[in-house]
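Novice: here you go, sequence then predicted model.
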Amino acid sequence: MSPAYWQKPCVVHASVELVNPDPNRTQYPYSRNRVFLSAVIAMLSTIFALTLLLSDSILVLQYFFATFIVVVITFFLKRRLYSYLVTGDQAETEDDTKRSSWKILLITLLMLVGSIGIPMLSALFLSGPVWFIMITSFITGVSISEIIIYVRSESTR
């Protein structure tokens, strides 16, 4: 007979329910790969924009200001959308489920129209550098807001 420390350890599985202590912070509903992709996109678009706009400091300042505005707007939209995605399974009644699904659909539709329609329409009215700043700041801002949401959700764990 072998000593007890040579025997295989017994593994006990227990279910643990995660409690979110801060209701303003939501759980991140997607994989970590999406965050890595967002980080790469944010870095590449920032490098690309700074490379082309570095000759004029006013354009660089406009780029950073526009990126900040996009980060703030998309952060609040995504936080709201992700809170619906995470708590969507916990809807109490059928009316709440219908109302929340319409809200998710509306927010998604507005983000889609905003990301495609606004740059296309603004190309008709704006000059080349301003249009380029809008496109690159939108790409960078959406990616940075994704990273911020992930970091906030991971800090609560």
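Specialist: Great, that's in hand.
Novice: how about residue 47, phi and psi?
Specialist: Torsion angles at residue 47 (phi, psi; degrees, to the nearest 10) stand at phi -60, psi -40.
Novice: okay, it: pLDDT?
Specialist: Here, the pLDDT recorded for residue 47 equals 95.
Novice: what about it, distance to residue 128?
Specialist: Look at residue 47 and residue 128: by Cβ to Cβ, to the nearest Å, they are 20 Å apart. All C-beta atoms are positioned from the backbone trio N, CA, C, and that covers glycine.
Novice: shaky segments in the protein?
Specialist: Along the chain, the model assigns pLDDT under 70 to residues 1-28, 84-100, 156-157.
Novice: change it to 50
Specialist: 5, 10-21, 91 (pLDDT under 50).
Novice: now name the helix or strand holding the spatially most central residue of the chain.
Specialist: Computing the C-alpha centroid of the chain and ranking residues by Cα atoms, centre = their mean puts residue 146 first, at 2.4 Å. Using DSSP states H and E, residue 146 sits within helix 128-155.
Novice: give the buried residues for that helix.
Specialist: Neighbour counts over helix 128-155 (16 or more other Cβ atoms under 10 Å) mark 132-150, 152-153 as buried.
Novice: which helices and strands does the helix or strand hosting residue 111 pack with?
Specialist: For residue 111, the element it lies in under DSSP H and E is helix 94-125. Applying 3 or more Cβ pairs under 8 Å, 6 or more residues apart in numbering; DSSP states H and E, we find helix 94-125 packed against helix 57-87, helix 128-155.
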